[in-house]
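A.B. asks: here you go, sequence then predicted model.
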Amino acid sequence: MTVGLRLDEAVWGLLHQALELYRDDPRATGHLRHQLARLEQPLHVALAGPWRAGKSTLLNAMMGEEVAPVVGADGSGVLTWYEDGPQPRATAYSANHPPQELAMVKSATGMRVDLVGWRAGELRDIVVRWPTRALRQVTFLDTPAITGPAEHGRSPVMDRVLREADAVLYLTRDGRGTDLRVLESGRDSMVGQAAPINTIMVLSRSDETGGGKIDALLTARQLARRQQRDPRVNALSVTVVACSGLIGLAGRVLSESDFAALAQLATVPRPHLEGYLLSADRFLRSELPVPLDAEVRAGLLDRLGLFGVRLA
């Protein structure tokens, strides 16, 4: 390899050499041309994990807008691709129907896709095109909740993720139990054995560590480092990181009114305020030293969580 040659340039050259070598094999050349086309596309990053792991929240934080999640007719998740586009639009793909444009409905928390009329399990993919800088170099794949390996020992969702994603963010509360078994089952598959390790384990509810104390994120970071030293985890992921998708999202979309409410709270000396931040119920129902009505307080809790309010 030429010194200084970029990896993508080297791969591009290698694929063209292979095309010349296998020019008489239609099957091989078709596969090689597909790989060449993929080199020109944005990086495919999948967010996977169990129910309530915070996939959609983290996805919205990375996009900087509240777009996800898209849910099916029965409330279940649908494999959803988020791509860059000149204007918001969504397209449904199924095994039995041609691609169909979906109505997108504006809500208080962003855009929602109208899936009325689609039966449970009928949709295979939804592609959401959204005009944002965050999607110019990357395409995000939001996956249905992973409940654990199926009877044959593998997770169908993870099998597909490993086939289609260049990198995987696997979100988990603690990186143990079922989550480890899911990652191990993915590596045991034929696709998993052939692919390099491209998974980052994300401790995604870090703001809840240790009961949501003010040092929760520092504690979660220490736990992530400890997890990475576990040989079982190290064999399945590139690294382990801790984050709070909720805090990350709030940092991207915090409104002027949210900031003003937090600024009011910040005028109260911390020792006088701590008693009101012991629980969400106390923060909502107590008479605070500053005039914040219940609706504003509920909005702060919804945006930041109790830990986020404490941190802010």
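C.D. replies: Happy to help now that I have it.
A.B. asks: which stretches of the chain form helices?
C.D. replies: Assigned by DSSP state H, the chain shows helices spanning 7-21, 26-39, 55-63, 156-164, 178-188, 190-194, 216-228, 231-234, 245-253, 256-266, 270-273, 280-285, 294-311.
A.B. asks: and among the ones you listed, the most buried is which?
C.D. replies: Comparing these by mean neighbour count (mean count of other C-beta atoms under 10 Å), helix 55-63 ranks first with a mean of 24. All C-beta spots, glycine's among them, are computed from the backbone N, C-alpha and C.
A.B. asks: burial count for W81?
C.D. replies: By other C-beta atoms under 10 Å, the residues close to W81 number 19.
A.B. asks: hey, what's it bridged with?
C.D. replies: Bridge pairing for W81 (DSSP bridges) gives the partners V127, L141.
A.B. asks: touching, it and R124? I think so.
C.D. replies: No. Taking C-beta atoms under 8 Å as the definition, W81 is not a contact partner of R124, at 11.2 Å.
A.B. asks: circling back: dump the helices of the chain into CSV; add mean pLDDT and distance to L141 as well.
C.D. replies: Shown next, in CSV, are the helices of the chain (pLDDT from 0 to 100; distance: least, C-beta to C-beta, whole Å):
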stretch, mean pLDDT, distance to L141
helix 7-21, 87, 21
helix 26-39, 86, 14
helix 55-63, 92, 9
helix 156-164, 83, 7
helix 178-188, 80, 15
helix 190-194, 58, 15
helix 216-228, 87, 23
helix 231-234, 90, 23
helix 245-253, 90, 16
helix 256-266, 93, 30
helix 270-273, 88, 41
helix 280-285, 90, 33
helix 294-311, 90, 26
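A.B. asks: nearest to V105, of the ones you listed?
C.D. replies: Closest to V105 of the helices of the chain, according to C-beta to C-beta: helix 55-63, at 16.5 Å.
A.B. asks: and that closest one, what does it pack onto?
C.D. replies: Using 3 or more C-beta pairs under 8 Å, 6 or more residues apart in numbering; DSSP states H and E, the elements in contact with helix 55-63 are strand 43-48, strand 138-142, strand 167-172, helix 245-253.
A.B. asks: the same query, at a cut-off of 6 Å, please.
C.D. replies: The contact analysis (3 or more C-beta pairs under 6 Å, 6 or more residues apart in numbering; DSSP states H and E) places helix 55-63 against strand 138-142, helix 245-253.
A.B. asks: relative to the whole chain's centre, how far out is that helix?
C.D. replies: Here helix 55-63 is found 5 Å from its chain centre; the criterion is C-alpha atoms, centre = their mean, to the nearest Å.
A.B. asks: so for L288, what's the nearest residue that isn't a sequence neighbour?
C.D. replies: Y276 (5.9 Å; C-beta to C-beta, 6 or more residues apart in numbering).
A.B. asks: run a quick neighbour tally on the one you found.
C.D. replies: Around Y276 there are 19 residues (other C-beta under 10 Å).
A.B. asks: same check on the one 3 residues further on?
C.D. replies: Each residue near S279 was counted by other C-beta under 10 Å, and the total is 11.
A.B. asks: and stretch 238-250, end to end?
C.D. replies: Using C-alpha to C-alpha, to the nearest Å, the end-to-end distance of stretch 238-250 comes out at 27 Å.
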